[in-house]
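**Q** Sequence and computational prediction follow.
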Amino acid sequence: MKTTVRELYKRMIDFDQKEVIIEGWLRNHRAQKSFGFMNINDGTFFETLQVVYEETKVNNYKALQKIGIGASVRVQGRVELTPNMKQPFEIKATAIELVGDSPEDYPLQPKRHSREFLREIAHLRPRTNLFSAVFRVRSLLNHAFHSFFQERDFVHVASPIITASDAEGAGELFKVTTLDLNDLPKTDDKTIDYKKDFFGKASYLTVSGQLQAEVFAQAFKNVYTFGPTFRAEKSNTTTHLSEFWMLEPEIAFADLEVNMDLAEAMTKYVIAYVIDRAPEEMQFFDRFVEKGLLSKLQNVVDKKFQRITHKEAITLLKEANQVFENEPKYDSDLATEHEKFLVKHFNSPVFVKDWPKHIKAFYMRLNDDQETVAAMDLLVPGAGELIGGSQREERIDLLRKRMQEMHVDEDELWWYLELRKYGSTPHSGYGIGFERMLMYLTGVENIRDVIPFPRTPKHCDF
């Protein structure tokens, strides 16, 4: 019977002394004089499967001894439990077929490879222990987010990848065009004539699906969008990508407090979901990537998240018996060192809310003090900011004023303003970078190592 390594590990008692067929790739191979050991991974489970083959039991023993690491094979044999050995069971082979050979220059030999080297062979790195674990957890985290929102009757919205608006107003956009770059059409004032482009206007890759999610929240009440987003930011750091995935829920009839309630529940849910469904991978991360990872994550699941205002956070930092490299200021953003201090001080995740309006986006709701907006950032131990969100400005006159102050084109976002004209509601939402969350879950410190094919300045390989 054909089966998988996952199935064997989950139901090894049921398979004892049964004849099975396994297909996979060699992770290790030790050939002796009259017997040999193959460690096979078939991609369905984190652990490998040990196959024992003997000269007297297989008819192509000499050929089998020459099979190289990385080769694909089909193994037929009997399952035998080995409770006193390192592995809980093994397969005694009766037949082994070479499906696809792998020569001696296969880059992934049984030794430790640097992550920098593995990025250069991104087409092969999923076959290593680290990236096998990372990308399996990535798949589970994806499902966890969908499960959380679907269980709460949220509607998933497919926001567009190509857009004509800059949701964040930062201007770090990738332009989309079919114009001939060697012969660009110009207007009378010598600017590019986008009327002759494919969409008849300047178009870009999206930086956020939030504005479109707000449209659907005013019809379905609770929605979320989840997909790739793009930033043409020339930043080569361990936490920045030019292409990354973003999850953005939007909820109608909800203020900032409801928004924070949702973010806290979601964060706890997805962490617990992954820990429960990927115990082998999470133990691997805890042992080899970040010591104490599971304890850190469990603390997030168990603790109630603290909530303080930006003003209270700055006061706390100023009164701390500690010298900061960046001086805490009431009218400024928090530095990484400030975030680390706050989560350590409370020994739990912390929501910082009510931020100075001049450092936040145009769509955030103005508070009664006229100086701050109803925005929130979630800070977590070991990572700093994980989630950013706000209550949205539902008052059309105040939204228009903020757009004018921040030089946001009203004509381009006429439809966004009309949402405030026809049956407007208080509504809130937030965004969480999928790769940032994955880094936090796995302990992997470079964002390039939690996405299959990283896109960064000067790098667009594979």
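**A** Structure received. These numbers were taken from a predicted model, which means no experiment stands behind them. Numbering: from 1, shown residues only.
**Q** Without its sequence neighbours, what residue ends up closest to Ile161?
**A** Thr206 (5.7 Å; C-beta to C-beta, 6 or more residues apart in numbering). In short, each C-beta sits where N, CA and C put it, glycine included.
**Q** should've said Lys2
**A** That would be Ile21: by C-beta to C-beta, 6+ apart, it lies 4.4 Å from Lys2.
**Q** How many neighbouring residues does that neighbour have?
**A** 14 (other C-beta atoms under 10 Å).
**Q** So which bits of whatever helix or strand it lives in are buried?
**A** Taking DSSP states H and E as the criterion, Ile21 maps to strand 19-31. Going by neighbour count (16 or more other C-beta atoms under 10 Å), the buried part of strand 19-31 is Val20, Ile22, Glu23, Gly24, Trp25, Leu26, Arg27, His29.
**Q** So the third one versus Val5, what's the distance?
**A** This means Glu23. Counting by C-beta to C-beta, to the nearest Å, the separation of Glu23 from Val5 is 10 Å.
**Q** Need the overlap of contacts for these two.
**A** Counting by C-beta atoms under 8 Å, 6 or more residues apart in numbering, the common neighbours of Glu23 and Val5 are Asp42.
**Q** follow-up on the earlier one: from Phe198, how far off is the residue nearest to Ile161?
**A** Using C-beta to C-beta, we find Thr206 at a distance of 16 Å from Phe198.
**Q** ok, the closest residue to Lys344 other than its chain neighbours to Arg287 distance?
**A** Nearest residue to Lys344, sequence neighbours excluded (C-beta to C-beta, 6+ apart): Pro381, at 7.2 Å. Note on Pro381: its distance to Arg287, by C-beta to C-beta, is 19 Å.
**Q** These two - which one has more neighbours?
**A** Between Pro381 and Arg287, counting by other C-beta under 10 Å, Pro381 is the more crowded of the two (21 against 11).
**Q** So that one sits against Val343, correct?
**A** Yes - with contacts counted by C-beta atoms under 8 Å, Pro381 reaches Val343, the gap being 4.6 Å.
**Q** Common neighbours of these two, please.
**A** Joint contacts of Pro381 and Val343 (C-beta under 8 Å, 6+ apart) are Pro349.
**Q** Tell me if Ala95 really is in a helix.
**A** No - read with DSSP: H, G, I helix; E, B strand; the rest coil, Ala95 is strand and lies in no helix.
**Q** Okay, and the beta partners of it?
**A** Gln76 (DSSP bridges).
**Q** mind listing what it touches?
**A** Val58, Asn59, Val75, Gln76, Gly77.
**Q** How about Leu124?
**A** Contacts of Leu124 by C-beta under 8 Å, 6+ apart are Pro107, Leu108, Leu118.
**Q** Quick one: mark the members of those that sit in helices.
**A** Among these, the members falling in helices (DSSP state H) are Leu118.
**Q** three-state assignment of Ile275?
**A** Applying three-state DSSP: Ile275 is helix.
**Q** What does the closest residue to it other than its chain neighbours show for phi and psi?
**A** Of all residues not flanking Ile275 in the chain, Met282 sits nearest, at 5.5 Å (C-beta to C-beta, 6+ apart). Dihedral angles of Met282 (phi, psi; degrees, to the nearest 10) stand at phi -70, psi -40.
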